[in-house]
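Colleague: got a predicted structure here, sequence first:
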Amino acid sequence: MRAGKKKVTKSHFEEAIGRVRPTVTSEMLEYYDKMERNMTSGLSGIKRNAKDFGFGMESA
């Protein structure tokens, strides 16, 4: 631990957040948005019942 401290406080997190940069680029966001649209485009006809959770999706 830096500065000889043994306790992590909220101020440590706030300081760290101020030093980091985003690592996801706009190109990456666009890629994943497109992937999501492609993968979920046909799901509107699929329904899930409470009893089906954990067992996959059932076609309507």
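Modeller: Nice, thanks for sending it over. Numbering: from 1, shown residues only.

Colleague: helix/strand/coil for residue 23?
Modeller: Here residue 23 takes the coil state, with states given by DSSP: H, G, I helix; E, B strand; the rest coil.

Colleague: so what's the residue count around it?
Modeller: Residue 23 has 6 neighbouring residues, counting by other Cβ atoms under 10 Å. No exception for glycine: its C-beta is placed from N, CA and C like everyone else's.

Colleague: name the helix or strand of this structure that has the lowest mean pLDDT.
Modeller: When each helix and strand of the chain is scored by mean pLDDT, DSSP states H and E, strand 58-59 comes last, with a mean of 48.

Colleague: give me the contact list for stretch 12-20.
Modeller: By Cβ atoms under 8 Å, 6 or more residues apart in numbering, no surrounding residue is in contact with stretch 12-20.

Colleague: from residue 43, how far off is residue 37?
Modeller: Relative to residue 43, residue 37 is positioned 11 Å away (criterion: Cβ to Cβ, to the nearest Å).

Colleague: shared neighbours of these two, anything?
Modeller: Joint contacts of residue 37 and residue 43 (Cβ under 8 Å, 6+ apart) do not exist.

Colleague: what about the helices in this structure?
Modeller: Along the chain, counting by DSSP state H, helices occupy 10-19, 26-40.

Colleague: what count of nearby residues applies to residue 12?
Modeller: Using other Cβ under 10 Å, residue 12 has 14 other residues around it.

Colleague: equivalent analysis for residue 6, please.
Modeller: For residue 6, using other Cβ under 10 Å, the count is 5.

Colleague: quick one: contacts for it?
Modeller: Applying Cβ under 8 Å, 6+ apart, no residues qualify as near residue 6.

Colleague: how close does it get to residue 12?
Modeller: Distance from residue 6 to residue 12, by Cβ to Cβ: 12 Å.

Colleague: and the pLDDT for residue 43?
Modeller: Note on residue 43: pLDDT of 70.

Colleague: now swap in residue 8 and tell me
Modeller: 91.
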